[in-house]
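# sequence first, predicted coordinates after that:
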Amino acid sequence: MVDDPWSSALHRLWQAASRAEEVAALADDVYAPLLATPGVHRVVGTRWDGRQVLRYMRALSAGSDTPVIVATTRSMPGAGVREPGGEPVVDRVEAAGLDDAVWPEAEFLREAPGGSVVSCTFRLDQRGWAALTLAVDASADLAAVESRLTQAVDVIVACHTGILQRGREARRGADDALLAEASLQMDSSLDVEDTLRRVARIAVPAVADGALVHLARGEGPEFVAATHVAVQQQRALEAAGRDDPWLAALLARRGEDEDTVFLSGAALDGSPFADPTAATTATAATDAADAGEGHHPTVVSVSPLRARGRVLGTITFVYQRPEARLPDSAFLRSLATRAALAIDNALLYELRRTAVLSLQEHLLPSQLPVTDRWDLSASYAVGDPMLDVGGDFYDAVLRPDGSIALLIGDVCGRGAEAAALTGLARHTLRTLLEEGTDAGTALSRLNRALRQERASRFLTAVVATLAPQADGTVLLSTCSAGHPPPLVLRGDGTVSEVLSGGLLLGVLDDVSYESHQERLTPDDTLVLFTDGLTESREAGGTFFESVLPARLAALRGSDAAHIAESLARQARAFRDSGQDDIALLVARWTGLPPDSGLLPPDHRLEQAALR
């Protein structure tokens, strides 16, 4: 078998091409075998961009191991006549007839023996082309030289195509990873302001150098967030986002059917992004960048934030980076869609939160009675992060006999049905207690109403009636329907549980409820609560119920408001699991004023004034 040096060299070239990360790495494997071809004395390679700017030139002579490399860029408009179209083009010319304005290789080719030139120009991609030129003498087999030259070019083009493909795959993988991370980051919060800030930050600096987010309002685009890799430029970006008329007009023109638009050069004239120091032509700007000045023309993209069939606003990216590092429209469209969904989710959550809190507020008393005998306060904490309306309720009612009735309850479950039963239960009990109905009868009548309404949910409740006595104490009568028993914090710091019992409301038709009585003295505090407080559970499984007496005792001497807020706050901090609402109603007996009788002259007037 005859050993063919060129075949072996071509095989090695293909192997090198499969591993190369850039085309320049093939130079040694290309130049040396071509120079080993009989009659070839010099090889010169050149690299051009689409604007006829020479980027790179490398020359190597036969018998030399040291190439001459020219890396200084030159604009050579005359070289346009050599730019290939689709397929590689092979030319044969005489070195003496080369035009220096067209052939920068001429200075090397003329020095070579023989005086003939074989050149192959070929396109690398849409933005650039290259040439591989050989200086040969009369002994060369020109057909063989052309064949080897075109074979080498085929390997170079295949290598470049593979590099571009791997680069696209790597960028696509990086883009997918960025989009996934962006979704996680933007979806991690349901707070509107936080989500908007995350949307602006997520793409800087990975995608762009700056970002602006605007929401669509009836009166025009509303600036909501901005970020930039440079602090000073961020301030300017924020100012432009708020007040610049050019930007406001641009964003207002963004129609619902428009995709991402890129603006640069003259399209940015009059905008806050126009750069007065930028080069006046694309070639000059390119030369400045290649000379290491670090300046790139500003490019701006605007993408609509579209979610669920409506445009929520726009996201504007500002780029000051090479063209090759600009994202494509498909990526920006995907990023904008994910951002829009995150913003829309946050806006919908905020609307739902506002509606639920408003409904919850209307299910509770707007204020508690104010008297000179009782320090009253309440606390309510929503525990469900999905913000369904809870079923906890409380109230305080001044009664015709001068006593005060405290009530607290909890409807099973959440949602609209629970809210309806909550309203029914609180207003039924309040009305009956205001009329002077005793607590047991009031609970029985509420139970009958629930059964008549065929309510599918049960509820618990407790009513504590506090009647001042002539000796300065208070008679506490407690009537419970399956509710957690209240606690009493005595003036000496001890904590006791009020005895109570009774069947849940809404389960059986005919139920009666009995009261338990005990005494309170001045500075004693009665604490009523729902099971959201006691069933808050830490990671180890301990319920707040087990530490509640000690936590309450530590609040000895505190007013009712501090006790209510402190216990609710401690339960939320203690909680690792459990999402029930927490309601507390606290009453501290301050005693009868020394200059008053047992009851005010007309308690009904006080009650009417409060209502």
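The structure has been received and is ready for your questions. Numbers count the residues shown, from 1 in each chain.
# what's near enough to touch the nearest residue to residue 100 once chain neighbours are set aside?
Using CB to CB, 6 or more residues apart in numbering and skipping the chain neighbours, the partner closest in space to residue 100 is residue 106 (5.2 Å). (Glycine included, C-beta is placed from N, CA and C.) Contact analysis of residue 106 by CB atoms under 8 Å, 6 or more residues apart in numbering lists 95, 98-100.
# I'd like to know which of those residues is nearest to residue 144.
Nearest to residue 144 out of these is residue 95 (CB to CB; 19.7 Å).
# need phi/psi at the closest one.
The phi/psi pair for residue 95 (degrees, to the nearest 10) reads phi -60, psi -30.
# that one and residue 115 touch, don't they?
Yes. Between residue 95 and residue 115 there is a contact at 4.8 Å, judged by CB atoms under 8 Å.
# between these two, which contacts overlap?
Contact criterion CB under 8 Å, 6+ apart; residues shared by residue 95 and residue 115: residue 135.
# so residue 132, which of the three states?
The three-state label for residue 132, taken from DSSP: H, G, I helix; E, B strand; the rest coil, comes out as strand.
# part of a strand, is residue 476?
Yes. Using three-state DSSP, the assignment for residue 476 is a strand.
# that one: what's it in contact with?
With contacts defined as CB under 8 Å, 6+ apart, the neighbours of residue 476 are 464-466, 488, 498, 517-520, 526.
# again, 7 Å this time
Residues near residue 476 by CB atoms under 7 Å, 6 or more residues apart in numbering: 464, 466, 517-520, 526.
# go on, residue 34?
Residue 34 is in contact with 40, 43, 134, 148-149, 152, counting by CB under 7 Å, 6+ apart.
# buried stuff in stretch 549-556?
By 16 or more other CB atoms under 10 Å, the buried positions in stretch 549-556 come out as 551-552, 555-556.
# now these in a markdown table, please, with extra columns for secondary structure.
Written out in a markdown table, the entries for the buried residues of stretch 549-556 read as follows (three-state DSSP):
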| residue | secondary structure |
| --- | --- |
| 551 | helix |
| 552 | helix |
| 555 | coil |
| 556 | coil |
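# with distance to residue 271 and pLDDT added, can I get those in JSON lines?
Output for those, formatted as JSON lines (distance: CB to CB, whole Å; pLDDT from 0 to 100):
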{"residue": "551", "distance to residue 271": "61", "pLDDT": "95"}
{"residue": "552", "distance to residue 271": "64", "pLDDT": "96"}
{"residue": "555", "distance to residue 271": "61", "pLDDT": "95"}
{"residue": "556", "distance to residue 271": "67", "pLDDT": "94"}
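# identify, from these, the entry nearest to residue 299.
Nearest to residue 299, judged by CB to CB, of the buried residues of stretch 549-556 is residue 551 at 60.3 Å.
# which pLDDT does the model give residue 143?
Per-residue confidence (pLDDT) for residue 143: 93.
# equivalent analysis for residue 219, please.
Residue-level pLDDT assigned to residue 219 equals 78.
# how near is it to residue 200?
From residue 219 over to residue 200 the distance is 22 Å, taken as CB to CB, to the nearest Å.
# more neighbours: which of those two?
residue 200 (24 against 5; other CB atoms under 10 Å).
# show me the contacts of residue 106 that map onto helices.
Using DSSP state H, no member of the contacts of residue 106 falls within helices.
# for PyMOL, what selects the buried ones among the residues you listed?
Selection of the buried residues among the contacts of residue 106 in PyMOL, burial being defined by 16+ other CB under 10 Å:
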select buried, resi 95+98
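# and of the contacts of residue 106, the nearest to residue 576?
residue 100 (79.7 Å).
# that closest one and residue 337, how far apart?
Going from residue 100 to residue 337 by CB to CB gives 54 Å.
# same thing with residue 414?
Here the criterion is CB to CB. By it, residue 414 lies 32 Å from residue 337.
# and what of residue 463?
55 Å.
# cool, and residue 124?
According to CB to CB, residue 124 stands 34 Å off from residue 337.
# with residue 311 instead?
Per CB to CB, residue 311 is found 12 Å from residue 337.
# any shared contact partners between these two?
Common neighbours of residue 311 and residue 337, using CB under 7 Å, 6+ apart, do not exist here.
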